[in-house]
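Trainee: got a structure for you, letters missing:
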């Protein structure tokens, strides 16, 4: 595949994304950009020296001009979340960083599809949508694709069934106001509630699912990892690589990513995650999923929480 991917930010997340991409056949050219030139040069040298074990690939430490003709641009720049700090507390600092980056990268790669990863990702996706001047379909926030992966991991461990058989999602903010629409949670076509009864009838040693604890597991995983090792970067990097694969594929996929809402579920002018049709032309639109009234209210509550933060952000 002859594709060019540029990554802005060579911190733990950006460098790990570059490393993962170097091990896959997604891109033939990777550009890594960071304000810390020594750091980015070291990361590129370390990654490039392991590429002799794969087909040839170009990996360079570049500038914004080197992003020209990129198919995908991934923005990871920003201050990392500290132990005990919420994603929202990062907002203004990382928005200021994004405001300084945006004109330079958009000028160099106006036709690229953009994946926003920097936290708080929904706020950052909203800000980038407002200030970049790019069509909305070109802008995708990583959103709750990681949260949904964590949910599937948790359900897999609970029910002792392969993650590939689980179709369940996390909606809303990538953060504390996220929720799980259980009406859309299935294990190979069987609802999660029904699967528990099925597993018991088959003699499986499984416990009834505590849905509140599962949501807590999803929401607290990032903070728990940060407290134990200082940062999260492996799982989110794999999620972003999956997004790159989707954007560079021949057909669309449905996943939970952050993009602008335009009246879906009665929600407007905020970026967050619901089921979204995404592919080589970027965001194609939201895919409505049947939810009960309580779940729709939780979605609106998450939107309101994000709007309250956005209202306090200085976009100028």
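Mentor: Nice, I can see it. Note that the structure is predicted; figures quoted are calculated from it, not measured.

Trainee: now residue 315: how far from residue 283?
Mentor: 21 Å (Cβ to Cβ, to the nearest Å). Glycine gets a C-beta too; all of them are placed from N, C-alpha and C.

Trainee: who has more neighbours, these two?
Mentor: Neighbour comparison, residue 315 and residue 283: the larger count goes to residue 283, with 23 against 10 (by other Cβ atoms under 10 Å).

Trainee: ok, so what distance separates that one from residue 52?
Mentor: Residue 283 is 37 Å from residue 52, where distance means Cβ to Cβ.

Trainee: do the same with residue 179
Mentor: 46 Å.

Trainee: now do residue 316
Mentor: The gap separating residue 316 from residue 52 is 48 Å, by Cβ to Cβ.

Trainee: what does residue 177 give?
Mentor: Relative to residue 52, residue 177 is positioned 46 Å away (criterion: Cβ to Cβ).

Trainee: for residue 7, same thing?
Mentor: 21 Å.

Trainee: more neighbours, the two?
Mentor: Using other Cβ under 10 Å, the more surrounded residue of residue 7 and residue 52 is residue 7, with 31 against 7.

Trainee: contacts for the helix or strand where that one lies?
Mentor: Under the criterion of DSSP states H and E, residue 7 resides in strand 4-8. Residues outside strand 4-8 that contact it (Cβ atoms under 8 Å, 6 or more residues apart in numbering) are 14, 17-18, 21, 26-34, 62, 66-67, 69-77, 101, 105, 109, 112, 244.

Trainee: In the sheet, which strands lie alongside that strand, parallel or antiparallel?
Mentor: When sheet partners are counted by DSSP bridges, strand 4-8 sits next to strand 29-33 (parallel), strand 72-75 (parallel).

Trainee: Can you tell me which of the ones you listed is nearest to residue 199?
Mentor: Of all those, it is strand 72-75 that lies closest to residue 199, at 39.2 Å by Cβ to Cβ.

Trainee: Using neighbour counts, pick out the buried residues of the next helix or strand after the closest one.
Mentor: Downstream of strand 72-75, the first helix or strand assigned by DSSP H and E is helix 91-108. Within helix 91-108, the residues that qualify as buried are 91, 94, 95, 97, 98, 101, 102, 105, 106, 108, counting by 16 or more other Cβ atoms under 10 Å.

Trainee: Would you mark the buried spots in the one helix or strand residue 239 maps to?
Mentor: In this assignment (DSSP H and E), residue 239 forms part of helix 234-247. Within helix 234-247, the residues that count as buried by 16+ other Cβ under 10 Å are 235-247.

Trainee: what's the residue nearest to the spatial centre of the chain in contact with, if anything?
Mentor: Nearest residue to the geometric centre of the chain (Cα atoms, centre = their mean): residue 142, 2.0 Å. Contacts for residue 142 (Cβ under 8 Å, 6+ apart) come out as 115, 116, 117, 121, 174, 236, 239, 240, 243, 257, 258.

Trainee: Alright, I will stop here.
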